[in-house]
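**Student:** Sequence first, predicted coordinates after that:
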2 protein chains.
Amino acid sequence: MDQNSLPPIQTTARDDAVLKALVGFVRAEALQPGERLPTERILAERLKVSRNTVREALTRWEGLGLVERRQGSGTYLKAAVSHDMLHMPLTLAGGHDFTSLMQTLEIRRALEAEAAALCAERASQADIAEIACKLDIMEQAFHTRDGMSSEEDWEFHQAIYRVSGNPLFEQIIAAMHELFHRFWEHPLGVRDFGHASFPYHRTIYEYIAARDPQGARAEALKLIATVEDDLKRGAAKLKLSSQT
Amino acid sequence: MDQNSLPPIQTTARDDAVLKALVGFVRAEALQPGERLPTERILAERLKVSRNTVREALTRWEGLGLVERRQGSGTYLKAAVSHDMLHMPLTLAGGHDFTSLMQTLEIRRALEAEAAALCAERASQADIAEIACKLDIMEQAFHTRDGMSSEEDWEFHQAIYRVSGNPLFEQIIAAMHELFHRFWEHPLGVRDFGHASFPYHRTIYEYIAARDPQGARAEALKLIATVEDDLKRGAAKLKLSSQT
DNA sequence: GTGCAGAAATTGGTTGGACCATTGGACCAC
DNA sequence: GTGGTCCAATGGTCCAACCAATTTCTGCAC
């Protein structure tokens, strides 16, 4: 028998019902991200549920990044909500060790390549101009400070993700970016980390401007490859120093 | 001044502290996924916090899919936890429409191709044998039931992700897989959905067995392309019928 | 009127205790 | 064994307070 033909029934779902009602409220009031939504106490009274139940529901939304609570101030909407949202919470067991970094880089290689290809397919003239702008800023920062600036570098990549037309690229890679930030705070001994990746930013841009998806994809792969090499170099150095 | 040099102090973070303590407990007891963790009441007593605080913490973990609560039974671990987990909650607005599905497919295309390539690089003889086994099961199911079986198909792909040596592939795609399941429950009018993708499963396997990363990557791209075509066909059909 | 310190109200965070609904095992009659 | 009933354990909900951070109001000095 197909086990899907007899799914488990849903008897009660108080907090789910609260969230559903809340979605309706946000839509009815046309609340925008940044606006404040009603007090927990008011919600509890209006929905005829306990404040505890309201809090559990809001805790779920907070965990999903949909809402932000500020004690003494209120609860604020952080993103648009709708009744047919799809939640995809990922928790990546990852450490600061070499293996974890390498694994996230493999994911990033896959996504970066695809985003660059899609970007080359879909970029309008205005999009290309914006990417060129970010590239200029990055290159200038590189020359004045003589080294990769993670801030401007990140801006450049974000522009590519945005132009790709698929917000998931930016969302997923942004989450991994946080992991890298945590990592880069522990320098690892490689002083010019990311230095080798610099020239590929311009070549990626040129292939995008030329509307060449395959070329852009190849250059993105090369860029990540240089980062992987840096990482391997750092790991080798670390291994060596620990043996001393 | 670098704002990172002066991080905000942690005056109170009760539920975060609870989760941290819980991570320690899971590690100390070497709890495996599926095992039951202590009662809310016991946790509250041991940690010297209110049961409500424990509940908020567990609600967060439940939202992240780390834990499952069963009323009358207990709270069960669903995944491995560690102190340096990376949470990546993605919420995609409007999941049943064509655009959202297409976007998740673009992500899957990127990851599927990379996973297939890595798999071809790293597969041992035993790994190849296991993939062959999954492929046989899938093909048999296809012939007896005359259609794609999402269950066996999924097993096949999972085997590839596992052999790729990077657990992140399986985790990310598994999350998206759930979205597709929800979608497939609303058939969309295309009866033989996924039918065209069938032959590519074997070709992917053959390239993996031949240790040809580029070939495996190309076949994976073709496979996803057929699914994208099915999706476009379904969307066109739907559009047509809504115009009538 | 202006500016500012302090009081007061607002709001999320926490606590403790109570009761309900579901689960799963123990026990029993058949 | 099958099917019931009972019962203890456990998560789900509720209530009524109080705490802590924030915002707003108030009143005084100038």
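**Tutor:** Yep, it's here. As the structure is a computational prediction, the values presented were derived from the model and not from experiment.
**Student:** and the next element down the chain from the biggest strand by length in chain A?
**Tutor:** The residue-count maximum for a strand in chain A (DSSP state E) belongs to strand A:86-93. Note on strand A:86-93: by DSSP states H and E, the next helix or strand toward the C-terminus is helix A:98-122.
**Student:** Check the offset of that next one from the chain's centre.
**Tutor:** How far helix A:98-122 lies from its chain's middle: 12 Å, per C-alpha atoms, centre = their mean, to the nearest Å.
**Student:** likewise stretch A:208-226?
**Tutor:** 21 Å.
**Student:** anything in that stretch sitting right up against chain B?
**Tutor:** No. Stretch A:208-226 is not in contact with chain B by C-beta under 8 Å from any C-beta of the partner chain; minimum separation 9.8 Å. C-beta here means a position set from N, CA and C on the backbone, and glycine is covered the same way.
**Student:** for the residue nearest the centre of chain A, what are its contacts?
**Tutor:** Centroid-nearest residue in chain A, with C-alpha atoms, centre = their mean: A:A174, separated by 2.4 Å. By C-beta atoms under 8 Å, 6 or more residues apart in numbering or on different chains, the residues touching A:A174 are A:Q158.
**Student:** rerun that using 10 Å as the cut-off
**Tutor:** A:154, A:157-158, A:161, B:88, B:90 (C-beta atoms under 10 Å, 6 or more residues apart in numbering or on different chains).
**Student:** Let me know the next secondary structure element after the helix or strand containing it.
**Tutor:** Using DSSP H and E, A:A174 falls within helix A:167-184. Using DSSP H and E, the next helix or strand after helix A:167-184 towards the C-terminus is helix A:198-209.
**Student:** could you give the angle of the following helix or strand past that next one to helix A:198-209?
**Tutor:** Per DSSP H and E, the first helix or strand lying C-terminal to helix A:198-209 is helix A:213-243. If you take axes from the mean of the first three to the mean of the last three C-alpha atoms, to 10 degrees, helix A:213-243 sits at 160 degrees to helix A:198-209.
**Student:** what angle do helix A:213-243 and helix A:98-122 make?
**Tutor:** Going by the same axes, to 10 degrees, helix A:213-243 makes 160 degrees with helix A:98-122.
**Student:** Helix A:213-243: which residues count as buried?
**Tutor:** Applying a neighbour-count criterion of 16 or more other C-beta atoms under 10 Å in any protein chain shown, one finds A:213, A:215-224, A:226-228, A:230-231, A:234-235 buried in helix A:213-243.
**Student:** what does the model give the nearest residue to A:F142 once chain neighbours are set aside for pLDDT?
**Tutor:** Once flanking residues are discounted, A:F142 sits nearest to A:F198: 6.0 Å by C-beta to C-beta, 6 or more residues apart in numbering or on different chains. On the pLDDT scale, A:F198 is placed at 88.
**Student:** I'd say A:F198 and A:I204 touch.
**Tutor:** No. A:F198 is beyond contact range of A:I204, at 11.3 Å (criterion: C-beta atoms under 10 Å).
**Student:** Name the residues contacting each of these two.
**Tutor:** A:L223.
**Student:** Near DNA strand C, which residues of chain A? Just list them.
**Tutor:** A:11-12, A:39-41, A:51-52, A:55, A:69-75 (C-beta under 7 Å from any atom of the strand).
**Student:** Can you tell me which one of those sits lowest on pLDDT?
**Tutor:** Lowest pLDDT among those: A:T11, 63.
**Student:** Now do the contacts for A:C133.
**Tutor:** Taking C-beta under 10 Å, 6+ apart, we find A:C133 in contact with A:155-156, A:159.
**Student:** same check, this time on A:E151
**Tutor:** Per C-beta under 10 Å, 6+ apart, neighbours of A:E151: A:137-138, A:141.
**Student:** Select from the residues you listed every entry located in helices.
**Tutor:** A:137-138, A:141 (DSSP state H).
**Student:** any idea which of the residues you listed has the most stuff around it?
**Tutor:** A:M138 (22 neighbours; other C-beta atoms under 10 Å in any protein chain shown).
**Student:** Name the helix or strand for the closest residue to that one other than its chain neighbours, please.
**Tutor:** For A:M138, ignoring the flanking residues on the chain, the nearest one in space by C-beta to C-beta, 6+ apart is A:E152 at 4.2 Å. A:E152 belongs to helix A:150-163 when assigned by DSSP H and E.
**Student:** And for A:Y76?
**Tutor:** strand A:74-77.
**Student:** got the buried residues for that strand?
**Tutor:** Those would be A:75, A:77, for strand A:74-77 by 16+ other C-beta under 10 Å.
**Student:** How about stretch A:161-176?
**Tutor:** In stretch A:161-176, counting by 16+ other C-beta under 10 Å, buried: A:161-166, A:168-173, A:175-176.
**Student:** returning to that earlier point: average pLDDT for the helix holding A:A174?
**Tutor:** Mean predicted lDDT for helix A:167-184 stands at 75.
**Student:** hang on, the earlier thing: can you pick the most crowded of the residues of chain A next to DNA strand C?
**Tutor:** Neighbour max across the residues of chain A next to DNA strand C (other C-beta under 10 Å) = A:R55, 21 neighbours.
**Student:** Hmm, A:T39 and it touching each other?
**Tutor:** No. If you go by C-beta under 10 Å, A:R55 and A:T39 don't touch, sitting 11.5 Å apart.
**Student:** Could you dump the contacts of A:A174 into JSON lines with pLDDT added?
**Tutor:** Putting the contacts of A:A174 into JSON lines (pLDDT from 0 to 100) gives the following:
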{"residue": "A:W154", "pLDDT": "86"}
{"residue": "A:H157", "pLDDT": "92"}
{"residue": "A:Q158", "pLDDT": "90"}
{"residue": "A:Y161", "pLDDT": "93"}
{"residue": "B:M88", "pLDDT": "77"}
{"residue": "B:L90", "pLDDT": "77"}
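**Student:** Nearest to DNA strand C among these?
**Tutor:** B:M88 (21.6 Å; C-beta to the nearest atom of the strand).
**Student:** Look up which residues are beta-bridged to the closest one.
**Tutor:** Per DSSP bridges, the residues bridged to B:M88 are A:L90.
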